[in-house]
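> could you look at this predicted model? Sequence included:
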2 protein chains.
Amino acid sequence: MTNRGNQQPRQREISKLLRERGNRVTPQRRAVLKIIQEHEGHLSADEIYNLARDDVPRLSLSTVYRTLDLLKELDLVTELHLAGDHYRYEAQSGRHQHLVCLGCGKVIEFQCSHCGTIYRELFSQHGFAITSSRVELLGYCEECSKAMDN
Amino acid sequence: MTNRGNQQPRQREISKLLRERGNRVTPQRRAVLKIIQEHEGHLSADEIYNLARDDVPRLSLSTVYRTLDLLKELDLVTELHLAGDHYRYEAQSGRHQHLVCLGCGKVIEFQCSHCGTIYRELFSQHGFAITSSRVELLGYCEECSKAMDN
DNA sequence: TTATATGCAAACAATTTGCATCCTG
DNA sequence: CAGGATGCAAATTGTTTGCATATAA
């Protein structure tokens, strides 16, 4: 595994990273990465596919999946499974967590100020070194809670 | 949504719960529930299917899925997406979180003593009422960490 | 007795793979 | 110009659905 737990590198560094591994920098890969970085979160493979085709019309869905696999290996994207049917992907930027409303499906991002503490505890208690997290808290947002209580 | 945030009821209560909703208590449903409760966690639909067939040989996979849907509705099982390809299910027992080792795939359960605090903060800050959580912290367990540093 | 559950097989949807061709380094 | 990357289409896999039959209440 590469690039453990650091910040989102810029395009140039990413290209370097790829070349060092013997991978190539192709228009398709650039396009997929760009979409993910611009949209900052929660895209499905199919959505990425459609958006990236504005740049690379001949792009195929399998290339999207293959690229996502590669970016996952490089810790550049995180694969999520929010409430729903398929995977979603987002750029590995600052750590944040997800609140998913079971009523309307809305996803709220939040920062958990306690995570650092928790990670440290886990390391001392279990020797477990966290590299990433998928925290999905499910419940009902304010509006949906109100709607239900009627 | 039914039965918000309470403890695992016993068989008899579950039967009652089902009947009240107009659902029936069938051998298939008993078998699936029994397997999930006995195995306390992390079974895929297919594994449940195979195990439950010891009790009910004519059981079909679609019935397993249908039963899991029902049990989810009743908050009796939780659907997880640990690192991997498909859903996993576990009895909704006391709240715990999952540590998933990216090296060997091992899953460690842990209690997060800070969750109560976090939930309370979220409610006051976002008006969001948490009913369940999927917390999956990914990283490397002690052994795998050591193995990698060689 | 009668509506709910089931099993089976067929349908679906998301993801993966084989292979000939393309193109980056 | 050589090996990695791509597009396409076909294959897989996990899950869902339609429908005739079985069964719990």
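Received the coordinates, thanks. Numbering: from 1, shown residues only, chains lettered A, B, ... in the order given.
> quick one, what contacts residue A:107?
For residue A:107, the contacting residues are A:42, A:82, A:98-101, by Cβ atoms under 8 Å, 6 or more residues apart in numbering or on different chains. Backbone N, C-alpha and C define where each C-beta goes, glycine included.
> pLDDT score for the residue sitting nearest the centre point of chain A?
When Cα atoms, centre = their mean is applied to chain A, the residue found nearest the centroid is residue A:90 (2.5 Å). Predicted confidence (pLDDT) at residue A:90: the value is 80.
> surely it touches residue A:80?
Yes. Between residue A:90 and residue A:80 there is a contact under Cβ atoms under 8 Å: 6.6 Å.
> what is in contact with the two at once?
Residues touching both residue A:90 and residue A:80 (Cβ under 8 Å, 6+ apart): residue A:42.
> please pick the buried ones from the contacts of residue A:107.
Among the contacts of residue A:107, those scoring as buried are A:82, A:98-101 (criterion: 16 or more other Cβ atoms under 10 Å in any protein chain shown).
> filter those down to the ones close to chain B.
Applying Cβ under 8 Å from any Cβ of the partner chain to those, one finds that A:99, A:101 fall near chain B.
> closest to residue B:49 out of the buried ones among the contacts of residue A:107?
Nearest to residue B:49 among the buried ones among the contacts of residue A:107 is residue A:82, at 26.1 Å by Cβ to Cβ.
> neighbours of the residue in chain A that DNA strand C sits nearest to, how many?
Ranking the residues of chain A by distance to DNA strand C (Cβ to the nearest atom of the strand) places residue A:62 first, at 3.1 Å. Residues within reach of residue A:62, counting by other Cβ atoms under 10 Å in any protein chain shown, total 10.
> same question for the one 10 residues further on.
Taking other Cβ under 10 Å as the neighbour definition, residue A:72 ends up with a count of 15.
> show me where pLDDT drops low in chain A?
For chain A, the stretches with pLDDT under 70 are A:1-9, A:40-41, A:81-85, A:92-95, A:148-150.
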